[in-house]
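Engineer: Build me a model:
(chains A and B)
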Amino acid sequence: MIKFDNVSVSFTNKKGQIVDAVKNVSFNVNDGEILGIVGTSGAGKSTLLRTVNQLQLPTGGHTIVDGKDIGSLSGKSLAKFRHSIGMIFQQFNLVSTKTVAQNVAFAMEIAGHSKEEIKRRVPELLSLVGLSDRADVYPSTLSGGQKQRVAIARAVANNPKILLCDEATSALDPETTNDVLQLLEVINIKFGITIVLITHEFDVVKKICHRVAVMNKGELVEIGDVSDVFTKPQHEFTKTLLSHTFDLDLPGRLTEDKSKPLVKIIYNGEKAENAIVSNVVKLYDVDVNILHGKIEYINDKPFGILIVQLIGKQDDIYNSLDYLSNNTYRTEVINERD
Amino acid sequence: MNETNYSELLNNLLPAFGETLEMCGIALLLAVVLGTPLGVLSYITSKHSICQNRVVNLIVGFFINVIMSTPFVILLVLLLPFTRFVVGTSIGPEAASVPLGIVAIAFYARLVEGNLHAIDKGVIEASLAMGATWFRIVTNVLLPGAFSGMIRGLTVLAVTLVGYSAMAGIVGGGGVGDLAIRFGYYRYQTDIMIITVLLLIILVQIIQTIGEKASRKVQK
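Structural biologist: Numbering: from 1, shown residues only, chains lettered A, B, ... in the order given. Have a look, this model is predicted:
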């Protein structure tokens, strides 16, 4: 659906220096998927996203949508192409002098729909986003979540094939973020709209994305299924980005005590649903003391981390470590003796 | 000191008031009709805006700056041939409306431009992303968005023009300000000067009040 072919974007900043915002990025976005692009701010993800509807022209390479090189479009053909791409923003960007209904209608007017069609479709769209009762109010009276819903209604008004989301939930509280993400998921499933979503929060990616691309300093460092990238990050940067999810902080007194091994067990996929810990206790003569743990579900697949202390005879501990490493995704002893 | 003849004053005051309104009214009308598009043009052709065009932007900016930086009294005199060409005479309120109108156009163009710059760039970007033409963005986003500020700008302009119109007396433009200078200053009739000045203050107050009310009313 979208093909980034060696896309580069560079700017000249105010000091006259050339800044490479995006460097030789190549990857594809598949038809109908929700793809997340994550990275810290300044990673170039927003700039890359903007090459999809030519809000930003690539200075090198091509962004190709449906076989068309977007860089070659201009004037009427560009306008027409943009009707088929919806976009939502962090700051919602609603027209403050138009009511909710007029904002949605605005997108359809631009695309040249008839008055009758607009009159028929706007209420449908507002009911889709759950704002039928707010049709005639101005955006300033709405909450952030409601504003983003209006923006979503506006973005899908012309039945786009692609929806671009630029930090769409970054200005929202966690609860509202969930609501908006759910709405995006519904839109993806119901209308088959391909969604490209950029965010600096991995949590957002975990919730709705199928695949994720990780960007750092203008470069694509990693791309893959969310569960793969999440559980097996290849690149250092991705590991750092994920570290807050992986690192379960333990008080120092526990890690300094080297007499009993502390084992970090990482579960992944189906193995995470087996009763491994209780098997260890039954098979070997050890006590398992659970000190910390977390289980996440990514695209319905469980992924968990457990930190346990093994207490028992040396042999039993070795055997149980063996068993654990054979039956889980990964185990590591985090307080190894020097 | 001359005796003040109040009936003579009244006979002069009413037409003078009418002349002031006429001069300022014509200038305001010109400002709205020509100054608004000029301000929009200056904004949309500016750097990173929706119709970026350096040449047009420089020309418009230069025109506005020349008018704004020339003292009004000088402009009044410089424009005499042009005024004669446009209205056929260089005397009277119609003639004074020409230089007044030109200043008003330039002044208002800058005020409009300033208000347009205050509009959230994100909304413009969103409109572009939807495939809107520059014309649709101007009519649907920019002008409505700047409307309240433009009314406030018009108020400022009207008040300034009342002040400028007094200078129009120099070329025989008439008006309340002219009256204040002729009777109050040249004929040492301080009481008349005070009355006319009070009248001008009241006029300015009325303009200000109406302007503020209107601007608040259209704010979304």
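
Engineer: all contacts plus neighbour counts: C-alpha atoms, from now on.
Structural biologist: Will do.

Engineer: how much space between A:L125 and chain B?
Structural biologist: Distance of A:L125 to chain B, given as CA to the nearest CA, to the nearest Å: 16 Å.

Engineer: ranges for the strands of the stretch 51-200 of chain A?
Structural biologist: Taking DSSP state E, counting those that start in this stretch as the criterion, the stretch 51-200 of chain A carries its strands at A:60-65, A:68-69, A:85-89, A:162-166, A:194-199.

Engineer: so can I have JSON lines of those showing mean pLDDT?
Structural biologist: Formatted as JSON lines, the strands of the stretch 51-200 of chain A follow (pLDDT from 0 to 100):
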{"stretch": "strand A:60-65", "mean pLDDT": "94"}
{"stretch": "strand A:68-69", "mean pLDDT": "92"}
{"stretch": "strand A:85-89", "mean pLDDT": "96"}
{"stretch": "strand A:162-166", "mean pLDDT": "96"}
{"stretch": "strand A:194-199", "mean pLDDT": "96"}
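
Engineer: For stretch A:189-199, buried residues please.
Structural biologist: For stretch A:189-199, burial by neighbour count (16 or more other CA atoms under 10 Å in any protein chain shown) applies to A:192-199.

Engineer: what about that stretch, start to end distance?
Structural biologist: Distance across stretch A:189-199, first residue to last, is 21 Å (CA to CA, to the nearest Å).

Engineer: contacting residues around that stretch?
Structural biologist: Here stretch A:189-199 makes contact (CA atoms under 8 Å, 6 or more residues apart in numbering or on different chains) with A:29-39, A:45-46, A:49, A:160-168, A:170, A:187-188, A:205.

Engineer: By residue count, which helix of chain A is the longest?
Structural biologist: helix A:174-191 (DSSP state H).

Engineer: Now for A:N289, how many residues are close by?
Structural biologist: As a burial measure, A:N289 scores 12 neighbours (other CA atoms under 10 Å in any protein chain shown).

Engineer: right, and the strands of the stretch 51-200 of chain A - which one's nearest B:D178?
Structural biologist: Each of the strands of the stretch 51-200 of chain A has some distance to B:D178 by CA to CA; the shortest is strand A:85-89, at 56.3 Å.

Engineer: now the closest one against strand A:162-166, angle please.
Structural biologist: Following axes from the mean of the first three to the mean of the last three CA atoms, to 10 degrees, one obtains 20 degrees for the angle between strand A:85-89 and strand A:162-166.

Engineer: Not counting its own residues, what contacts strand A:85-89?
Structural biologist: Here strand A:85-89 makes contact (CA under 8 Å, 6+ apart) with A:53, A:148, A:151-152, A:154-156, A:160-168, B:126, B:129-130.

Engineer: Name the residues of the longest helix of chain A that come out as buried.
Structural biologist: Using 16+ other CA under 10 Å as the burial criterion, the residues of helix A:174-191 that qualify are A:176-178, A:180-181, A:183-185, A:187-188.

Engineer: do stretch A:156-175 as well
Structural biologist: So stretch A:156-175, judged by 16+ other CA under 10 Å, has buried residues A:156-172.

Engineer: and the contacts of stretch A:189-199, which of them are in helices?
Structural biologist: Counting by DSSP H, the contacts of stretch A:189-199 place A:45-46, A:49, A:187-188, A:205 in helices.

Engineer: Out of the residues you listed, which two are the most distant from each other?
Structural biologist: Largest separation among those by CA to CA: A:K45 and A:I187, giving 22.6 Å.

Engineer: Please list the residues of chain B that sit near chain A.
Structural biologist: Residues of chain B found near chain A (CA under 8 Å from any CA of the partner chain) are B:120, B:122-123, B:125-126, B:128-133, B:136, B:141, B:144-145, B:220.

Engineer: Can I have the buried ones of those as a ChimeraX selection?
Structural biologist: Restricted to buried positions by 16+ other CA under 10 Å, the ChimeraX selection for the residues of chain B next to chain A reads:
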select /B:120,122,123,125,126,128,129,130,131,132,133,136,141,144,145
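
Engineer: Max pairwise distance over the residues of chain B next to chain A: which two?
Structural biologist: B:G131 and B:K220 (24.9 Å).

Engineer: mind listing the helices for the stretch 1-150 of chain A?
Structural biologist: Counting by DSSP state H, counting those that start in this stretch, the stretch 1-150 of chain A has helices at residues A:45-50, A:75-83, A:100-110, A:115-128, A:144-156.

Engineer: Return the residues in contact with the nearest residue to B:I181 once chain neighbours are set aside.
Structural biologist: Once flanking residues are discounted, B:I181 sits nearest to B:M193: 7.3 Å by CA to CA, 6 or more residues apart in numbering or on different chains. Applying CA under 8 Å, 6+ apart, one finds that B:M193 lies in contact with B:180-181, B:183-185.

Engineer: are any of the residues you listed buried, and which?
Structural biologist: Using 16+ other CA under 10 Å, the buried members of the contacts of B:M193 are B:180-181, B:183-184.

Engineer: pLDDT weak spots in the stretch 51-200 of chain A?
Structural biologist: By pLDDT under 70, the stretch 51-200 of chain A has no low-scoring segment.

Engineer: Please give me every residue in contact with B:V32.
Structural biologist: B:V32 neighbours (CA under 8 Å, 6+ apart): B:105, B:108.

Engineer: again, 6 Å this time
Structural biologist: For B:V32, the contact set (CA atoms under 6 Å, 6 or more residues apart in numbering or on different chains) is empty.

Engineer: what does the stretch 51-200 of chain A have sitting close to chain B?
Structural biologist: Residues of the stretch 51-200 of chain A lying close to chain B by CA under 6 Å from any CA of the partner chain are A:79, A:82-83, A:93, A:97, A:110.

Engineer: could you dump those to TSV with neighbour count?
Structural biologist: What follows is those, written out as TSV (neighbours: other CA atoms under 10 Å in any protein chain shown):
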residue	neighbour count
A:A79	20
A:R82	24
A:H83	26
A:N93	20
A:T97	22
A:I110	20
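
Engineer: list the contacts for the most centrally placed residue in chain A?
Structural biologist: What sits nearest the mean C-alpha location of chain A, by CA atoms, centre = their mean, is A:V205, with 2.4 Å. Shown in contact with A:V205 (CA under 6 Å, 6+ apart): A:G36.

Engineer: Please enumerate residues in contact with the helix or strand bottoming out on mean pLDDT in chain B?
Structural biologist: Ranked by mean pLDDT, DSSP states H and E, the weakest helix or strand in chain B is helix B:176-179, scoring a mean of 82. If you take CA under 6 Å, 6+ apart as the criterion, helix B:176-179 is touched by B:16-17, B:166, B:169.
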